[in-house]
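In: Okay, here's the prediction I keep looking at, along with the sequence it came from:
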Amino acid sequence: MVCAINIIIILAILVAVKLALISIFFYSDIRAAQKRDPAAKSFLEIILLYQGLHALIYYRIANALYRVHLFFLARALSQLARLVTGIEIHPGARIGKRFFVDHGMGVVIGETTIIGDDVLLYQGATLGGTGIVKGKRHPTIGNNVVIGAGAKVLGNITIGDNSYIGANAVVVKDVPANSTVVGVPGRITKQDGKKMDVSLDHARILDPIMQTIEELQDRVKDLEKK
Ligand SMILES: CC(C)(COP(=O)(O)OP(=O)(O)OC[C@H]1O[C@@H](n2cnc3c(N)ncnc32)[C@H](O)[C@@H]1OP(=O)(O)O)[C@@H](O)C(=O)NCCC(=O)NCCS
């Protein structure tokens, strides 16, 4: 009986130490989650229940292993993280400070992805490659970027700082800073806070098919007015 109580006390101390270490080493990431998820009620809730934070903790350890060339161990840990959290981050990816994955399930981040500071990803977002080419084949994401649920950002492209990638968008070309991109393939709908007039700004159009459809819609409207 005394032995069982001792074991429980030791386990409780270990859990408390673990929580304290996570709060210290991941303080800024936990704050970022609290700031960016209106549903987050407390630090403890984030530490215990947020898969995005758990995936980041696994990733930081796996990335450290990867950097000392313990590739198999690193990969094994990232696969374990995938099993536990539903979020797959390749240990070779480079991720900045205050990174937050909200909800998380189905997120995939490829090996040569580079992510800046203060980036937010929602569930189902993919930062992937377009084929089987070697070398830098995944995107570079700037600072303070939001990537919506189910969005796919593919290939060695750059998403500029402060940009929003809309839910379910598929982005395969560079996106300048301060842009909002929606649709398949992605097209810029807002830049530097201004709504884009897609039919006038040809240089920034990512999608010629959308452009043609919008021109046709304008023509139909003109004809209907007559
Ligand atoms: C793109 C986004 C950032 C909105 O940006 P915004 O600048 O506020 O854009 P608006 O709401 O003014 O919409 C601009 C246009 O894009 C359209 N649009 C917005 N989001 C879109 C999307 N994901 N896909 C396709 N079109 C979209 C709007 O209907 C609007 O069209 P209109 O100009 O023809 O009326 C936002 O809609 C989005 O997708 N955020 C991701 C959030 C997310 O994934 N949440 C998951 C929570 S669980």
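Out: Ah, there it is.

In: Which SSE is immediately downstream of the lengthiest helix in the chain?
Out: Taking DSSP state H as the criterion, the chain has its longest helix at helix 2-25. Toward the C-terminus, helix 2-25 is succeeded by helix 27-36 as the next helix or strand (DSSP states H and E).

In: can you list the residues that contact that following helix?
Out: Residues outside helix 27-36 that contact it (CB atoms under 8 Å, 6 or more residues apart in numbering) are 22-23, 40, 43, 46-47, 50, 52-53, 56, 97-100, 102, 118, 120. Where you see a C-beta, it was placed from the backbone N, CA and C, and this is true even at glycine.

In: Of those, which belong to helices?
Out: Under the assignment DSSP H, the contacts of helix 27-36 contribute 22-23, 43, 46-47, 52-53, 56 to helices.

In: from those residues, which has minimum pLDDT?
Out: Across the set of the ones in helices among the contacts of helix 27-36, Ser23 stands lowest in pLDDT, at 81.

In: Might one say that it is in contact with Phe43?
Out: Yes. Counting by CB atoms under 8 Å, Phe43 is a contact partner of Ser23 at 6.7 Å.

In: what about Leu19, neighbour count?
Out: Leu19: 14 surrounding residues under other CB atoms under 10 Å.

In: With adjacent residues omitted, what lies nearest to it?
Out: Ile47 (6.0 Å; CB to CB, 6 or more residues apart in numbering).

In: residues in contact with the one you found?
Out: The contact partners of Ile47, by CB under 8 Å, 6+ apart, come to 19, 22-23, 30, 53.

In: out of the contacts of helix 27-36, which are buried?
Out: 22, 40, 43, 46-47, 50, 52-53, 56, 98-100, 102, 118, 120 (16 or more other CB atoms under 10 Å).

In: Pick the one among these closest to Gly150.
Out: Closest approach to Gly150 among these (CB to CB): Asp102, at 12.7 Å.
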